[in-house]
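Q: here are the coordinates; sequence isn't available:
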């Protein structure tokens, strides 16, 4: 039969192992959350840049139309 001392040792090892895996899982979740946050921030910044470029292109196109047809009123 297993002695109580051996059972206590096995129990303590299991507790340490559980603590390690819980810590590892929480750290992995934190890293994934940070990656997701930075990804969303970067996508938003790129969207804003694209919108600014689109506005500039539309303004340039409108100016080109006005320069090509100076006598026509809009």
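A: Noted; the coordinates are in hand. Predicted model, so just to flag it, every value in this text is computed and none were measured.

Q: Reduced to three states, what does residue 60 come out as?
A: Three-state call for residue 60 (DSSP: H, G, I helix; E, B strand; the rest coil): helix.

Q: Which parts of this protein are helices?
A: 4-68 (DSSP state H).

Q: Poorly predicted segments of it, please.
A: Residue ranges of the chain with pLDDT under 70: 1, 73-74.

Q: how does it look with 90?
A: Within the chain, the ranges that satisfy pLDDT under 90 run 1-7, 70-74.

Q: Got the phi and psi for residue 70?
A: phi -70, psi -20 (degrees, to the nearest 10).

Q: ditto for residue 69
A: With angles defined as degrees, to the nearest 10, residue 69 sits at phi -130, psi 70.

Q: what number of residues lie near residue 45?
A: Other residues near residue 45 come to 10 when the count uses other C-beta atoms under 10 Å. For glycine as for every other residue, the C-beta is placed from the backbone atoms N, C-alpha and C.

Q: same check, this time on residue 59
A: Counted with other C-beta under 10 Å, the neighbours of residue 59 add up to 10.

Q: just residue 47 next, same as before
A: The number of residues packed near residue 47 is 10, by other C-beta under 10 Å.
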